[in-house]
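[1] quick one: sequence and predicted model below, then my questions.
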Amino acid sequence: MSDSAQMLPLGDRAGAGSEGSGGEKHPYTMKISRLTIDKLGIKLYDRVSAVLAELISNAYDADAEKVDISLPWGVFLYDPKLPTASSQLEIVIKDDGHGMTRAEMNAHYLTVGADRRTRPGGGDVSRERKRPVMGRKGIGKLAPFGICKTVEIISAGGPQTEHGYAISHIILHLPDMLTDTDRDYNPAPGQLDGTWSRDRGTTVKLRDFSRKRVPAKEDLDRQLSARFGLERKDWKVEVTNSANRHESFVLGHLKVDLMTNTRIDLENRPVPYNGGFLAVKGYVAYSAKPYKDEYMAGVRIYSRGKFVAQTREFGIGAGFTGEFKLRSYIVGELHAEWLDKDEDLIRSDRQDIIWSSDLGEALSAWGKKLVKELAKRSDEVARQEKTRVFMKKSGLPEKLMKSAPGDPVYREAVTEAAELLVKDVDPDSLDNPEQVARIANLAESLAPHRSLLEALREVSKTTETTVDAVMDLFKKARIAEMYSLGQVAAERLEVVAKLESLIDDRQTLERPLQELIEQAPWILAPEWTPLGMNESLKRVRASFESWYHKNTGIRLITTAIDTKAKEPDFVLLHDSGILWIVEIKRMDHHLKDDEYLNALGYLEALTKFLDSNPELGNQFPIRRLTFVVDHADKLNFGNQSSLNSDPRISRRTWHELLDATKRSHKDFLARVDSTRYEWDAAALAPAPASQVGAQRRSPEEEGRLI
């Protein structure tokens, strides 16, 4: 419709309204209860985008090809601090549809609640273009009152005459409509009423707003696009910022970023119903990232091109595979024309359908199967995509090739650990460089825990086993242990209780004590590595046993509990340069001279072996021997003197060992709490070697642990 109109009187006042109190005729009459206005206008439509959607759909049903909307973006329509400026704001919706005559204005627009699809002549489709009409209940015209108090309608329609198209112009005021009276409401005619326009169409102007906010451009575009699921060559909606006419956008299809290979097209998946099938179109998929915007998340359901419902899971219960991810990532659009055809299954506010109906239950059952399939299909795809994004942003593959070029086992383990850590993270967190760095550091720390056994097996197959390589792996394993402290703490509590019960039973023999320590060597010293029970050092043991037999004629086995020729019960290593021999005896045992001399001879032999093999010996310049035995009073004077004066040799009773174990376990639990705190504080990267060394005990302090 043209902005200008000729002020010419109408010859035919068809459809004149009711008679006023003075006997005059009102040209326009609205028959509606005040309660209906409140419930179906003010209460149902309280968002700007929802109001615009109703007015756009009215233009579509009026066969409009072009709709122009002008409103200010990103502002509150009413500011109590600036009432004058607020009073000048206006929203204008203008279309080039077939418009309305005065009679049509009274019969259709001002008659609220009339189902247009029951009109004579086929109201189910539009008048000229035969579009399936979106409107049905006849209440969308009240939507503007959800955000404003004044609505002005200027419509030019009817047959074209030599003057043009007849204009019907009315102004509706909400306060007058809500007056407590039984009288019909008579909108005031506007100044253009009864004039002519060169062009046909309808213009709706909204003023006197409530405190409602117009979204910013991107949000407004998204919210409006989500409400329509149609694209036609003869249909265009342009939205312009009234505060800056250079800013505008054309309403299009809602753009959702989909995760690769997750889309399921619905055209060949009809809904079973009463022995037949109901056609649907559209798709469901996983989004590339979880959408928190309500307009983007979930499956939008359309009928006749207009939004009617939104769901994330079609009412499915909990407990299916991929449930959490699906509720966070599922997106899609579903077109079901039958939802708004014969039976009216759409709620009055067009925000949901009546799921309890027969058709609603059929759609729900079909949808539940669909989302289970999507969840199952998409789980692996989502994991792969997050892994790809993480690897790209962290640069982990390149870092591993640089730091461990000759260690494919370690690189593979780090990669696997990273994949497991990324598997359940929120993809949005991968946009945070600090979080990506934390995951990478944690993967590098955890990986040795998984790869240690395989790496040691590879080491054991080589002809030359260096302690450097072994100790490097142990160092990595010890770092990895920090991240398993929670489980380890529970296991250690159980071991401490068992050790205490064995000590309380004064009849306990040596074997159960040996077995417990073999199971939990940390009883002797929490941070030391047991040589006697670690398969990775079998070549070191084998070399020493061969050397010992050659030099003494005695064939010994360093690990078997039941072998009489076995010498010390345990040999432990520490990367600070200590080799520690531990000899244990049963409860209440009195250490004998021959037992003392045998263990001392083993220390001397092992010392000689290490001195004869500098490659090994230089790694362990400090060698110690500790007896865990309750009594030493049976030793002769010379051996007692040696035990008390030789700095390499010490003795602890079982109760002293238990006390030390409890104290170290207390420290261990404190370490658990500290590590958890470091985790929460994002300090997951292993400390530099200089810092680690600074926190350790000195070799002399370590030697006095037992």
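    Perfect, thanks for sending it. Numbers count the residues shown, from 1 in each chain.
[2] all helices of the stretch 151-300 of the chain, in order?
    Here the stretch 151-300 of the chain has its helices, by DSSP state H, counting those that start in this stretch, at 174-177, 217-226.
[3] skipping its backbone neighbours, what lies nearest Tyr247 in space?
    For the record, residue 247 is Glu, not Tyr. Using Cβ to Cβ, 6 or more residues apart in numbering and skipping the chain neighbours, the partner closest in space to Glu247 is Asn241 (3.9 Å). Using the backbone N, CA and C atoms, a C-beta is placed for each residue, glycine as well.
[4] tell me the mean pLDDT over stretch 420-435?
    Mean per-residue pLDDT for stretch 420-435: 76.
[5] mean confidence score for stretch 141-153?
    90.
[6] using PDB, write out every CA atom in it.
    In PDB, the C-alpha atoms belonging to stretch 141-153 read as follows (Å, rounded to 0.1, in the frame of the first residue of the first chain):
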ATOM      1  CA  LYS A 141      -4.600 -10.300  16.000                       C
ATOM      2  CA  LEU A 142      -4.600  -9.800  19.700                       C
ATOM      3  CA  ALA A 143      -0.800 -10.700  19.900                       C
ATOM      4  CA  PRO A 144       0.400  -7.000  19.700                       C
ATOM      5  CA  PHE A 145      -1.300  -6.200  23.000                       C
ATOM      6  CA  GLY A 146       1.200  -8.400  24.700                       C
ATOM      7  CA  ILE A 147       3.800  -5.700  24.200                       C
ATOM      8  CA  CYS A 148       1.900  -2.400  23.500                       C
ATOM      9  CA  LYS A 149      -1.300  -0.500  24.200                       C
ATOM     10  CA  THR A 150      -2.100   1.000  20.800                       C
ATOM     11  CA  VAL A 151      -2.500  -0.800  17.500                       C
ATOM     12  CA  GLU A 152      -3.200   1.000  14.300                       C
ATOM     13  CA  ILE A 153      -4.300  -0.900  11.100                       C
END
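[7] can you count the residues close to the residue nearest to Glu247?
    20 (other Cβ atoms under 10 Å).
[8] now do the contacts for it.
    Contacts for Asn241 (Cβ atoms under 8 Å, 6 or more residues apart in numbering) come out as Ser70, Leu71, Pro72, Trp73, Lys217, Glu247, Ser248.
[9] what about it, distance to Leu658?
    Going from Asn241 to Leu658 by Cβ to Cβ, to the nearest Å gives 78 Å.
[10] which stretch in the helices of the stretch 151-300 of the chain has the least confidence?
    Lowest mean pLDDT of the helices of the stretch 151-300 of the chain: helix 174-177, a mean of 85.
[11] let's see it as CSV, backbone CA atoms only.
    This file holds the C-alpha atoms of helix 174-177, laid out as CSV (Å, rounded to 0.1, in the frame of the first residue of the first chain):
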residue,chain,number,x,y,z
LEU,A,174,-6.1,-1.5,25.0
PRO,A,175,-7.3,0.6,28.0
ASP,A,176,-10.6,1.2,26.2
MET,A,177,-10.9,-2.5,25.3
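[12] tell me which other helices or strands that helix touches.
    Applying 3 or more Cβ pairs under 8 Å, 6 or more residues apart in numbering; DSSP states H and E, one finds that helix 174-177 contacts helix 34-37, strand 148-161.
[13] out of the ones you listed, which comes closest to Gln507?
    Each of the helices and strands packed on helix 174-177 has some distance to Gln507 by Cβ to Cβ; the shortest is helix 34-37, at 90.5 Å.
[14] what's whichever helix or strand comes after the closest one in contact with?
    Tracing the chain past helix 34-37, the next element assigned as helix or strand by DSSP states H and E is helix 48-61. Residues from elsewhere that reach helix 48-61 (Cβ under 8 Å, 6+ apart): 45, 67, 69, 71, 77, 91, 93, 95, 97, 116, 126, 131, 133-135, 140-141, 143-144, 146-147, 202, 204, 206, 212-215, 220, 223-224, 227-228, 235, 237, 251, 305-307.
[15] for PyMOL, what selects the buried ones among the residues you listed?
    With 16 or more other Cβ atoms under 10 Å as the criterion, this PyMOL line picks the buried residues out of those:
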select buried, resi 45+67+69+71+77+91+93+95+97+126+131+133+134+135+140+141+143+144+146+147+202+204+206+214+215+220+223+224+227+228+235+237+251+305+306+307
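[16] quick one: secondary structure of the nearest residue in space to Leu600 that is not next to it in sequence?
    Spatially, and ignoring its direct neighbours in sequence, Leu600 is nearest to Leu625 (6.9 Å; Cβ to Cβ, 6+ apart). What DSSP: H, G, I helix; E, B strand; the rest coil gives for Leu625 is strand.
[17] okay, and the beta partners of Leu625?
    Here Leu625 sits in beta bridges with Ile581, Ile649, as judged by DSSP bridges.
[18] number of nearby residues for it?
    Residues near Leu625, counting by other Cβ under 10 Å: 24.
[19] which pLDDT does the model give it?
    90.
[20] ok, it to Glu247 distance?
    For Leu625, the distance to Glu247 (Cβ to Cβ) stands at 85 Å.
[21] what do you get for Val629?
    For Val629 relative to Glu247 (Cβ to Cβ), the value is 88 Å.
[22] ok, Pro408 next?
    Pro408 sits at a distance of 56 Å from Glu247 (criterion: Cβ to Cβ).
[23] low-confidence regions, the stretch 551-700 of the chain specifically.
    551-569, 573-577, 664-700 (pLDDT under 70).
[24] where do the strands of it begin and end?
    Secondary structure of the stretch 551-700 of the chain, counting by DSSP state E, counting those that start in this stretch: strands at 570-574, 578-584, 622-628, 649-652.
[25] would you turn the ones you listed into JSON lines with distance to Leu55?
    As requested, the strands of the stretch 551-700 of the chain are exported to JSON lines (distance: least, Cβ to Cβ, whole Å):
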{"stretch": "strand 570-574", "distance to Leu55": "79"}
{"stretch": "strand 578-584", "distance to Leu55": "84"}
{"stretch": "strand 622-628", "distance to Leu55": "87"}
{"stretch": "strand 649-652", "distance to Leu55": "88"}
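[26] for the ones you listed, which one sits closest to Val151?
    That would be strand 570-574 among the strands of the stretch 551-700 of the chain, by Cβ to Cβ, at 84.7 Å.
[27] ok, Tyr283 touching Gly332?
    Yes - with contact defined as Cβ atoms under 8 Å, Tyr283 counts as touching Gly332 (5.2 Å).
[28] where do the strands of the stretch 151-300 of the chain begin and end?
    Ranges of strands in the stretch 151-300 of the chain, per DSSP E, counting those that start in this stretch, are 164-173, 188-189, 196-197, 201-209, 236-241, 244-250, 264-265, 271-273, 276-278, 281-286, 298-303.
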